[in-house]
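S.K.: using only what follows, build the 3D model:
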Amino acid sequence: MPHRYRRLRASETIRDLVRETNLTANDLLQPFFVIDGKNKKEAIPSMPGIFRFSVDLLLKDIEAYVRSGGRGGVFFGVSRQKDTSGKYAYASNSPVVAAVKAVKKHFPDFLVVTDVCLCAYMSHGHCGIVEGGKINNDKTLPVLSRMALAHAQAGADMVAPSDMMDYRVSAIRQTLNKEHFEDVGILSYAVKYSSAYYGPFRDAAHSAPGFGDRKTYQMDPANSREALKEARRDIEEGADMVMVKPVLAYLDIVALLRRELNVPIVGYNVSGEYSMVKAASNNGWVDEKTIVLETLTSIKRAGADLIITYHAKDALKWI
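M.R.: Below you'll find the predicted structure:
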């Protein structure tokens, strides 16, 4: 019996030395929710430990995050002004535009990625222009493009369209290039499934659809070949990175894209995944530190180059 695999597990030192997958601060992006006003910090009951911040308090939160090793984040606006046109999504005084300007002023090296989607700005809660009870794909594209441009003008490093409209990456890339923002990247939510794991996020962003669901534009959870088709198309249109969302129930999709594509792959460890861990931890059913690090390591092991996770702040203390 020449092989005893336990020899390479015999001590913490040797386990560390032969470990195949290592989680670092460079792998993590923290989501941030931004609201209007000043001196506001609103708890999100369904996401313990996550808050909505006005810009002034957001800066304090990011300062602490940076001190612990955080290098970037994804910014979501929570809008009090909603209509059926989505015009506040690209307004010069929108929460995200204000946040991007402030963050880049105080933390110029911090990677700022902005979510580009209309759901939080629409009175009906859908991700695009609604006509006759249906989402009008092509009429949504100019609005998304204006939103992405507003974020770029504010100083965003990357824009991340999450709406799942066809051809939105191409429309955004053309708009950014035309306005001389060729260096602003696009992280496409290329593979975004219609998922029950988004529930707490919709509470956080006040973005639940007012009628129907999003199955006509988000992907069917049963499909995997379609994921590769979506990702390849977005890369052809100009995406610099592509995302799989949610990630834990779709690690096979992360692995598939990693085998087939040569761009960075991002996994979004979404709100429902986060909240389930928090609930179990708060009830004493699991050890939070251990399960979070195991979870994040599994995402990286599957092939993700970056992980967007609400656990990032805590994970940076543990890795």
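S.K.: just checking, what packs against the lengthiest helix in the chain?
M.R.: Using DSSP state H, we find that the single longest helix of the chain is helix 137-154. Applying 3 or more Cβ pairs under 8 Å, 6 or more residues apart in numbering; DSSP states H and E, one finds that helix 137-154 contacts helix 95-106, strand 111-116, strand 129-131, strand 158-161, helix 168-178. All C-beta spots, glycine's among them, are computed from the backbone N, C-alpha and C.
S.K.: pick out the shakiest of those, pLDDT-wise.
M.R.: Among the helices and strands packed on helix 137-154, strand 129-131 carries the lowest mean pLDDT, a mean of 78.
S.K.: one step back: let's have the helices and strands packed on helix 137-154 in JSON lines, adding mean neighbour count and distance to Pro142.
M.R.: Listed next are the helices and strands packed on helix 137-154 as JSON lines, based on neighbours: other Cβ atoms under 10 Å; distance: least, Cβ to Cβ, whole Å:
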{"stretch": "helix 95-106", "mean neighbour count": "21", "distance to Pro142": "18"}
{"stretch": "strand 111-116", "mean neighbour count": "25", "distance to Pro142": "13"}
{"stretch": "strand 129-131", "mean neighbour count": "18", "distance to Pro142": "9"}
{"stretch": "strand 158-161", "mean neighbour count": "26", "distance to Pro142": "13"}
{"stretch": "helix 168-178", "mean neighbour count": "20", "distance to Pro142": "7"}
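S.K.: quick one, which of the ones you listed is nearest to Glu63?
M.R.: Closest approach to Glu63 among the helices and strands packed on helix 137-154 is made by helix 95-106 (7.8 Å; Cβ to Cβ).
S.K.: what's in contact with the longest helix of the chain?
M.R.: 85-87, 89-92, 94, 96-98, 100-101, 104, 114, 116-118, 127-129, 131, 159, 161, 163, 165-168, 171-172, 174-176, 179, 181, 184, 217 (Cβ atoms under 8 Å, 6 or more residues apart in numbering).
S.K.: likewise stretch 223-233?
M.R.: With contacts defined as Cβ under 8 Å, 6+ apart, stretch 223-233 is touched by 188, 190-191, 219-220, 242, 244, 252-253, 256-257, 260-261.
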